[in-house]
Every structure is written in C-alpha cells, then in structure tokens.
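coordinates for the following, if possible.
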Amino acid sequence: MKTGWINIFILSVLMASGVEALEFQGEWQQGAVLRGQVEPGTKVSFLGRQVRVAEDGVFVIGLGRDAAKQVTVITEVKGQEPQEHQFSVKQREYRIQRVEGVPAKTVNPPADQLARIRKESALARKARKVDSTRQDFREQFEWPLTGPITGVYGSQRYYNGEPRRPHFGVDVARPTGTVVVAPASGKVLLAYDDMFFSGGTLIVDHGHGLSSSFIHLSKILVEEGQEVKLGDPIAEVGATGRVTGPHLDWRMNWFNQRVDPQLLVGPMPKLAE
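Residues are numbered from 1 along each chain as shown. The predicted structure is shown next:
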C-alpha cells in the first residue's frame, strides 16, 4: 500500500472565530512534508516565512531533520487578527555510526578544491530557493528508482569522534546506467555534470519551494528549464562525486528544510525479476 498524500491522511482542523479553518495532510514528524488547506485568501506563515498559498487555499510546508518538538503555523484572514496554531512534532531516532582511525585527508576536502565547492554549493542553494507557482507537489509521488536501500535519511557518521553532516537523502543501489525517472512532475532547475561532492547533480522543482535532488549521476537526460512529467526518464545512476559505488541519492527540500523522501512514497516496491 502506498503511503503518500492519498493513503496517509492525518487531518488537523482548527477553527478560529467560526471562520478560519486550517487542515493538513501528513504526519507531524521530523522530515515530513505536509500539504495544507486554508480558506482562499488566507495568509500563512511558517518558520518565519510567508508561505505561498494557491488560489484554492492549498499550500505545502516541510519539517527538517531536527525540527523542534513544537512548531507554530500562523494564519491571517483579511480584517482579522493573526491566529497561532501549535503542533507537536514527533521526534525521530537516527542511525549513528562511529568510525575511528580515519586519515584526515580522507575526511576533509583538499584546500585547493574549496573555491570550487563553495561555487557549486551556491548554485544548489540558489535552485532550492525558487518559490514557483507550480503545484506538482499535489501529485502522488513515486520512487524514482527501485532497488536495495543502502542509506537512509537522517543517519550520521562520526569520524575520529568528530560529527559529519547527516545524510539527508535515501540511497538506492543499482548499476551505473540504470535509468532514473521523475518521482513527480516538475521543472528542471539545475543540471550539473560534475560537482565535487555530488558528481552529476539534478534538481527538479515541484512548486511552492518543494524540490527533489538526484546526485552521483553518470548521465543527465534533461536540460535546465525543461518540464518533466511523473515517470519520465531524467537521468542514469552513477558513481560520480565522493562515493564508493554506483547508487542514486535522492534528496528533497522545502526551501532550506531538508525533508525525507521516503515519507512521501512509502515502502520500496519489489524489484522486477
């Protein structure tokens, strides 16, 4: 059974002054993407950001890996005082791995690559800041690739006692050249063949700040500005960038909030024989 927008339906409804309504699809937990509904014309704010709301009152928000135990959504109807709505966020436990005796040159990038790394990171950040009117996030998301899951969202390694950045995606191991398809419709924001850390990197906009990133690709099959539909071939699996073997690392963002793709697609389908 799929566990996306259609089959996970945890509805939160708050009424204020008998007029203002706020509804959500999704579970309030770290890493979650939630689709909201308000009366048309209502303003919505979350995490200090005014959220884009569609003409029919639909919007989307995301909770990062370390989201607080309680968060506030602010709604405002014209002519009324803003209303604060409090939600409790389920805290998750993440996989932690500690590795000792790792040479420093293996852990840290060479100094002569830092300018390149900063440039490439800025390109990715710029893409993830896009706040388009697209509403592809309303679709039922699908896995972009089927295969063994070898890495999960939120996990973190400590090298020689020092914490490294958590893993913000889901890794699916398949041979180099295996086709990756669009998990939902969208528009290509970034197509970059060879980033230092992530190798072949592709970012697709699903609207209202929600985007997918696909990294370590051997080949990108689409171009920046191109629109794609759910299931369209968009790239091929690779082992580019800082990796030890071929796999797809699929990540998702709601602006700067790194969210968990697996919460939108549910269990991995069995790989066809």
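
ok, for residue 242, nearest residue in space, not its chain neighbours?
Counting by C-beta to C-beta, 6 or more residues apart in numbering, residue 242 lies nearest to residue 197, which is 5.1 Å off, once chain neighbours are set aside. The way it works is simple: take the backbone N, C-alpha and C, and place the C-beta from them, glycine included.

longest helix of the chain?
helix 114-128 (DSSP state H).

which residues are contacting whatever helix or strand comes next after that helix?
Going down the chain from helix 114-128, the next helix or strand is strand 149-151, by DSSP states H and E. Defining contact as C-beta atoms under 8 Å, 6 or more residues apart in numbering, one finds that strand 149-151 is touched by 167, 169, 170, 171, 172, 173, 247, 249, 268.

now the buried members of those.
Neighbour counting with 16 or more other C-beta atoms under 10 Å marks 167, 169, 170, 171, 172, 173, 247, 249 as buried within the contacts of strand 149-151.

considering those residues, which member attains the minimum pLDDT?
Checking pLDDT across the buried ones among the contacts of strand 149-151, the minimum falls on residue 167 at 90.

surely that one forms part of a strand?
No. Residue 167 is assigned coil when assessed by DSSP: H, G, I helix; E, B strand; the rest coil, not a strand.

what backbone torsions are found at it?
Main-chain torsions, residue 167, degrees, to the nearest 10: phi -80, psi 130.

thinking it is in contact with residue 215, fair?
No. Applying C-beta atoms under 8 Å as the test, residue 167 and residue 215 come out as separate, 11.5 Å apart.

how about the helices of the protein, start to end?
Secondary structure of the chain by DSSP H: the helices cover 104-107, 114-128, 262-265.

of these, which is nearest residue 162?
Residue 162 sits nearest to helix 104-107 of all the helices of the chain, at 7.8 Å, using C-beta to C-beta.

give me the mean pLDDT for the closest one.
On average, helix 104-107 scores 61.

and for stretch 189-207?
The pLDDT scores in stretch 189-207 average 97.

from start to finish, how long is that stretch in a straight line?
In stretch 189-207, first residue to last residue: 11 Å (C-alpha to C-alpha, to the nearest Å).

can you list the buried residues in it?
So for stretch 189-207, counting by 16+ other C-beta under 10 Å, buried means 189-192, 195-207.

got JSON lines for the buried ones among the contacts of strand 149-151, with distance to residue 257 too?
Below are those laid out as JSON lines (distance: C-beta to C-beta, whole Å):
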{"residue": "167", "distance to residue 257": "16"}
{"residue": "169", "distance to residue 257": "14"}
{"residue": "170", "distance to residue 257": "16"}
{"residue": "171", "distance to residue 257": "20"}
{"residue": "172", "distance to residue 257": "22"}
{"residue": "173", "distance to residue 257": "27"}
{"residue": "247", "distance to residue 257": "24"}
{"residue": "249", "distance to residue 257": "18"}
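
those in strands, which ones?
Members of the buried ones among the contacts of strand 149-151 lying in strands (criterion: DSSP state E): 169, 170, 171, 172, 249.

next up, the contacts around the second one.
What it means is residue 170. Per C-beta under 8 Å, 6+ apart, neighbours of residue 170: 149, 151, 152, 153, 249, 250, 251, 260, 261, 262.

ok, the first one next?
When the contact criterion is C-beta under 8 Å, 6+ apart, the partners of residue 169 are 151, 153, 213, 215, 249, 250, 251, 252, 261.

number of nearby residues for the third one?
The reference is to residue 213. 23 (other C-beta atoms under 10 Å).

what bridges to the residue lying closest to it once chain neighbours are set aside?
When the adjacent residues along the chain are set aside, residue 213 lies closest to residue 251, with 4.3 Å between them (C-beta to C-beta, 6+ apart). Going by DSSP bridges, residue 251 is paired in beta bridges with residue 169, residue 213.

ok so, going back, any idea which of the helices of the chain is most buried?
helix 262-265 (a mean of 22; mean count of other C-beta atoms under 10 Å).
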